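# Would you be able to build a 3D model of this:
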Amino acid sequence: MKGDLTLTLSELCRQITASDRGLLPQDHKLGPRLVCPEYSKSVQEVKTYPLLHQDRIFALCWNIDSAQNLYATMSPSPSPFCYQLHFSSGEKTQLHTHDYIELAYVIEGEFRQRILGKDIVFSKGEICLVDKNCLHQDYLLDQPAVILFLGIANDMFTEVMDENVTTQKISSFLQSALLKQKDVQQYLHFHPGTDATEELEDCLYLLLKELCGHNVGSQYICKGLLLRIFRIISTKYDFSLSKEQRKTMNWLIFEEVSEYIRRNFADVTIQQLVDTFHFQEDYFNRLIKTKTGLTYSAYVQKIRLEKAEHLLTRSDKSIDEIADIVGYHNKGYFYKIFQEKNGMTPAKYRRQKR
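Model prediction:
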């Protein structure tokens, strides 16, 4: 893909934030939308989604120079523009939340935010995905940096998650934690894996170009690129979680793993779980042991025997057929473990429970 790009992502952002692109006056009403310096320690702003319904994603570019100037612009917009803010190093933006999902990507330099009262530093190539009700503010520092923010409308984010482009590792957490738990303020800090940055920046470049061009059909192209972006983030980035978030995620993953095992109980293997959920084998053993008190093998056996018990009482299939259906091709072994669990043979169980 790289051969199709005439500029780097950094160069593109610097180009579209150039001061000769219709410099807005300091008091322009659009200024606070792009960057709003702190004016109160107690006020909490809620930034609403700024575009019409058909434009369900927008980009906000920040270009910060060493002279403590911040150049910002938003796309799509009716015409090219740039907003310039001269700031004091260490100044923060006003404490705020969004009513949409925000993804911040550090293209150059470092980006420091205060999220839920804690200072977090994001380095080049890292991503911050902020929940729509998460209180945060941005530090303005005298170190050159280029930051790309994507504002994603809630219905667009839901559609992307519903496409299953992310691995099960994060899809449930993203959709459930970021959109559905209204009383939980959260963010995710993503760190790039090997070769992740170049691939992601290629997609971000194409997305930014598309948002700037805003041509016919742009909304469909942008959604497709967003699908690719979340796929890359899901498969090639790692993310940090707080202790509370890890608990939430572990429960969500356990529910998905348990559902997968119940759907595929007859022939499920732990390698299938590794391939599907992208965790190492010992993670599933620990997860299942923590949630059920059983080993992986014992948990699968429990589900198979529960299914066998159901078929014995609700169907006329032979016992040998049932053993085969639930994944036991060694009939002697099936009889043995069934009797150990129930204290009787499958035939006696059928007679007593019917």
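
# For residue 239, which three-state class applies?
Here residue 239 is strand, with the state taken from DSSP: H, G, I helix; E, B strand; the rest coil.

# Please verify my assumption that residue 225 contacts residue 205.
No: look at residue 225 against residue 205 with Cβ atoms under 8 Å: they stay out of range, at 9.6 Å. Yep, even glycine has a C-beta here, placed from its N, CA and C like the rest.

# separation between the residue lying closest to residue 163 once chain neighbours are set aside and residue 47?
Leaving aside its chain neighbours, residue 163 sits nearest to residue 227 (5.8 Å; criterion: Cβ to Cβ, 6 or more residues apart in numbering). To residue 47, residue 227 is 25 Å away according to Cβ to Cβ, to the nearest Å.

# Repeat that for residue 113.
From residue 113 to residue 47 the distance is 14 Å (Cβ to Cβ).

# now the end-to-end length of stretch 120-128.
The first residue of stretch 120-128 is 10 Å away from its last residue (Cα to Cα, to the nearest Å).

# What residues sit buried inside it?
By 16 or more other Cβ atoms under 10 Å, the buried positions in stretch 120-128 come out as 120, 122, 124-128.

# In a markdown table: these, plus pLDDT and distance to residue 297.
A markdown table is the format used below for the buried residues of stretch 120-128 (pLDDT from 0 to 100; distance: Cβ to Cβ, whole Å):
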| residue | pLDDT | distance to residue 297 |
| --- | --- | --- |
| 120 | 93 | 41 |
| 122 | 96 | 42 |
| 124 | 96 | 44 |
| 125 | 96 | 40 |
| 126 | 96 | 39 |
| 127 | 95 | 38 |
| 128 | 93 | 40 |
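
# Next step: those restricted to helices.
Here DSSP state H is the test, and these give no hits in helices at all.

# Let me know the average pLDDT across stretch 160-171.
Stretch 160-171 shows a mean pLDDT of 65.

# Please identify which of residue 113 and residue 47 sits among more neighbours.
Neighbours were counted for residue 113 and for residue 47 using other Cβ atoms under 10 Å; residue 113 has more, 21 against 17.

# Among residue 225 and residue 205, which residue is more densely surrounded?
For the pair residue 225 and residue 205, the greater number of neighbours falls to residue 205 (24 against 21), based on other Cβ under 10 Å.

# Is the more buried one part of a helix or strand, or is it coil?
Taking three-state DSSP, the label given to residue 205 is helix.
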